[in-house]
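Engineer: quick one, structure for this:
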Amino acid sequence: MNPNDYFQFDGTYRNNCCSCSCCGRNSEGRKILTRYKKATDFRGKTQQLPNPKTNGRKKDVEEFNNHYVHRMKHHHNSTVETIDSRKNYAVARGTRLTQDQKTWSYLAAWHWDAKVLAYVTSKGLSTIPKSMSVEDATQAGLYHAAGGNIYSFADVKYNQVAIVPTRFDVIEEQKSVEIAEECYKNKQTIQRLEAKAPKRPNRKRASMSSPGEDAAAPIIDIVSKKKKGPVLDTVDLDRFFRMSKEEQNSSLSKLNHNIINYKQSRDEERIELAQLLDAESVIATSLTENKKILESNMKDLSKLKKIKEENIQLKEQISALQTKGFTRSSLTSKEGVGKRSAICNQLYGFKDFDFMIGFIEAAFEVKYTASGRRKQMTDFEKILLTLTYMNTNWNMETIGLMFGIESRTTVSNYVNYWLPLIGECGDHMSDFLHFMDEEAFDNLEPASYKELGLRRVAALVDGKDFLTETSRDRVYNPAQASNKMHASAFRLLTWSLPCGAVVERTIAFLARASEKALMNLWGSYNRLVFPVNYLILGDKGFDNTAGCYFNYNTTLHPSFLTNPEFNRDQVNHNVHICQKRYSCEVVYSRVTRILKLSGVIGKESFSHFEAMVGWAHGRANLCYTSLQKVKV
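Structural biologist: The predicted structure follows:
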C-alpha cells in the first residue's frame with residue numbers, strides 16, 4: 001500500500017492534541033495534523049491511547065496495555081516519555097468521582113502506517129483498533145510472524161497483535177500531506193465542475209413491439225442498449241419473420257417513426273452543443289475584454305491616487321505658506337524658504353536653496369523630496385533640521401515644533417546622527433594641504449603679494465579662542481582658562497592660503513595649552529608639510545616655530561620682535577604686511593557665521609563642538625569667493 005494515498009474521511013474531528021514529542025506547540029508535526037484536517041483526510045484524526053496505569057479488574061487487559069506501550073516505546077521512545085509526562089496516572093475505580101479524574105493521552109492518526117489506515121477506512125471504522133487477531137492481521141497483510149510486514153511475532157500478546165503507531169518521520173510525512181492536499185483540491189475541482197455542468201433533459205427511448213404485445217417487453221437487441229442519450233433499438237429478425245403481413249407493416253411503420261424521432265433528437269443535441277460552444281466562446285471573449293478593461297482601470301486608479309496625493313500635499317504646502325509661517329512644509333519647500341535667500345542663509349547657511357539641494361544630494365547621496373504632513377521625516381529633512389540647529393540658538397524643542405516633531409529625544413537623535421557626518425564633510429572640504437605642491441601654491445599667490453615683494457608665501461597661521469561655559473570639575477576648570485580671553489575657552493589653529501582658502505586646522509583643545517604647544521604637537525604628526533623655502537605669515541605668538549614644520553619653513557612676523565630700533569621704511573613695510581594678513585581674520589569671521597560658535601558655547605554643545613568647527617571651516621571654503629585677487 002502506498003503511504004501517500006488519500007484516505008477520505010467524512011466524519012467530525014476531535015480537538016484533542018497529539019501527545020507525541022514531534023507534535024508540540026508550533027511544531028511541524030502539529031502543522032501536518034492541521035493540514036490533514038483541512039484536506040478531510042483520516043490522518044487528521046487523533047486516536048485515544050490505552051492507559052496502562054488504570055487499575056481494572058481484568059488483569060489481561062492491563063497486561064496487554066503495558067505490552068502496547070512497550071511496543072510503542074520500541075518504535076519511538078521519546079513519545080512514551082512525553083505521554084508519561086502528561087499525567088496519565090493510575091486511578092482506582094472505587095467511585096464515579098475518581099473515575100472522572102482519569103487523564104487520557106491522544107496520538108495523531110498519521111503516526112500509523114498507511115496499510116493500517118487503508119484497512120480501517122475500507123472497513124468503515126471511525127477509530128483505529130487497539131489490537132487485531134493474528135488471523136485478521138495476517139489476512140489484511142499487516143502481520144507476519146517472521147517479520148517483513150508492519151508487525152511481527154514481538155507485537156503479539158494473547159493471540160492479539162498490538163496495532164501500535166510506527167510513523168514518526170516528520171520530513172517523510174511532508175510528502176504525504178502534500179499529496180493528500182493535492183487530491184483534496186482535485187476532488188473539490190471535480191465537484192465544482194459537476195455542479196456547473198448542464199443537465200440533459202429526460203427523453204423516452206425509442207422501442208419497437210408488436211401490436212399485440214405489451215410495451216413493457218420491447219423487441220430489442222440487448223447489445224444495442226445505451227445508458228445515456230437517444231437510443232434506437234433494433235428488431236429481432238426471427239420474431240419479425242414470424243409475424244403476419246399487417247404486424248410487419250405496423251412494426252416497420254413504427255420503426256420508421258422511431259428513426260425520425262431519433263434523427264430529430266440527434267439534431268436537437270447538435271444544436272444544443274453548438275449553442276453551448278458559442279456561449280463558451282462568447283464568455284471567454286467577454287472575460288478577456290473584461291480583464292483588459294480591469295487592468296486599464298487599475299492603472300487609471302493608480303494614476304488618480306498619485307494625483308490626489310500630490311494635490312493634498314500641494315494644498316497643505318499652500319496653506320502652510322499662507323497662514324502658518326515656519327512649518328515643515330515651508331521649511332523644506334522651494335516655494336517657501338527657497339524663495340527667501342536671507343531666511344535660507346540664516347537657517348541653513350546657504351544663500352541659494354537650489355545650490356544647497358544639489359550640494360546635499362552630491363555630498364550625502366540623499367534625494368530631495370517635497371515633504372508632507374502624513375509622511376515620515378526624510379533624510380533630506382533631517383539634514384535641514386541639523387543645519388538649523390547649528391545656525392540658530394534655538395533649543396531642540398523649538399526646532400522640533402517647527403518640523404512637526406513633538407519629542408525632544410527624536411530631534412536629539414537626528415542631530416546626534418547627522419551632525420558628525422556634516423562635520424566630517426566640512427573637514428574634507430578644508431583639509432587638502434597634502435594635495436598641494438609648489439605649482440599649486442604659485443598659481444594661488446595673490447597679485448598684491450607679488451607687488452609688495454612677498455614672494456613664496458605658503459600660508460597664514462592664526463589661532464582662535466572660542467568662549468565656553470565654565471566646567472566645575474577641578475581638572476577641566478583650570479585647563480579651560482585662556483590667557484587671551486581671560487575666561488574659559490576652546491583653542492585651535494588654522495592655516496589658510498593668502499587668497500583666503502583654509503587648507504589645515506588642528507582639532508579643538510582646552511585653552512590652557514599655548515599656541516606654540518599646539519603647533520609642536522600638530523607638527524609631530526607630520527601634518528604641516530609645506531614646500532621647501534616657502535614662508536609662513538604669523539603674528540608675534542608664532543616666533544621661533546620653524547622647527548614645527550616638516551621642511552622648517554620660516555615664520556615671517558613684524559620686525560619689532562627682533563629689532564628694537566627700526567626706521568620709517570621698516571614701519572611702513574610692516575604696516576603693508578599686516579594689512580595683507582587680514583585674510584586670516586576674515587576666515588575666522590566666516591567660521592563664526594555658524595551661530596552656535598559665536599558668543600559663549602553652552603555645555604550642551606560641547607559634544608558637537610568639533611563637528612560644528614569642521615563644518616564651519618568647510619563652509620568657509622564652499623560659500624565664499626577668494627579674499628584677494630589671484631593673478632597667474
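Engineer: show the pLDDT at L385.
Structural biologist: We have a pLDDT of 94 for L385.
Engineer: what is the neighbour count of it?
Structural biologist: L385 has 24 neighbouring residues, counting by other Cβ atoms under 10 Å. C-beta: built from backbone N, CA, C; applies to glycine.
Engineer: what does the helix or strand that it is a member of rub up against?
Structural biologist: L385 is part of helix 379-391 when elements are defined by DSSP states H and E. By Cβ atoms under 8 Å, 6 or more residues apart in numbering, the surrounding residues in contact with helix 379-391 are 328, 331-332, 346-349, 360, 364, 366-369, 371, 377, 394, 396, 399, 402-403, 411, 414-415, 417-419, 422, 594-596, 612, 615.
Engineer: what's the following helix or strand after that helix?
Structural biologist: Using DSSP H and E, the helix or strand that follows helix 379-391 towards the C-terminus is helix 396-402.
Engineer: so which bits of stretch 465-475 are buried?
Structural biologist: D465, F466, L467, T468, S471 (16 or more other Cβ atoms under 10 Å).
Engineer: so what would you say the end-to-end distance of that stretch is?
Structural biologist: The straight-line separation of the ends of stretch 465-475 (Cα to Cα, to the nearest Å) is 19 Å.
Engineer: what of stretch 361-370?
Structural biologist: End-to-end distance for stretch 361-370: 14 Å, by Cα to Cα.
Engineer: rewinding a little: put the alpha carbons of the helix holding L385 into PDB.
Structural biologist: C-alpha atoms of helix 379-391 as PDB (Å, rounded to 0.1, in the frame of the first residue of the first chain):
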ATOM      1  CA  ASP A 379      16.900  62.100   5.400                       C
ATOM      2  CA  PHE A 380      16.900  65.500   3.500                       C
ATOM      3  CA  GLU A 381      14.700  67.000   6.100                       C
ATOM      4  CA  LYS A 382      16.800  65.600   8.900                       C
ATOM      5  CA  ILE A 383      19.900  67.300   7.400                       C
ATOM      6  CA  LEU A 384      18.000  70.600   7.200                       C
ATOM      7  CA  LEU A 385      16.900  70.200  10.800                       C
ATOM      8  CA  THR A 386      20.600  69.700  11.800                       C
ATOM      9  CA  LEU A 387      21.700  72.700   9.800                       C
ATOM     10  CA  THR A 388      19.000  74.800  11.600                       C
ATOM     11  CA  TYR A 389      20.300  73.600  15.000                       C
ATOM     12  CA  MET A 390      23.800  74.800  14.100                       C
ATOM     13  CA  ASN A 391      22.800  78.200  12.600                       C
END
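Engineer: and the contacts of helix 379-391, which are buried?
Structural biologist: Buried among those (16+ other Cβ under 10 Å): 328, 331-332, 346-349, 360, 366, 368, 371, 377, 396, 399, 402-403, 411, 414-415, 418-419, 422, 594-596, 612, 615.
Engineer: could you give me the buried positions within the lengthiest strand in the chain?
Structural biologist: Longest strand in the chain, counting residues (DSSP state E): strand 457-467. Going by neighbour count (16+ other Cβ under 10 Å), the buried part of strand 457-467 is V457, A458, A459, L460, V461, D462, G463, K464, D465, F466, L467.
Engineer: what is the nearest of the residues you listed to S302?
Structural biologist: F466 (54.8 Å; Cβ to Cβ).
Engineer: okay, and the beta partners of the closest residue to the closest one other than its chain neighbours?
Structural biologist: With sequence-adjacent residues excluded and distances taken as Cβ to Cβ, 6 or more residues apart in numbering, F466 is closest to F490, at 4.7 Å. With DSSP bridges applied, F490 shows beta-bridge pairing to F466, L510.
Engineer: name the helices or strands packed onto the helix or strand harbouring R619?
Structural biologist: Element membership of R619, judged by DSSP H and E, is helix 609-622. Helices and strands touching helix 609-622, by 3 or more Cβ pairs under 8 Å, 6 or more residues apart in numbering; DSSP states H and E, are helix 408-430, strand 489-496, strand 502-505, helix 582-591.
Engineer: could you give the average pLDDT over stretch 129-137?
Structural biologist: Mean pLDDT, computed over stretch 129-137, is 78.
Engineer: so how far is the first residue of it from its last?
Structural biologist: End-to-end span of stretch 129-137 (Cα to Cα): 11 Å.
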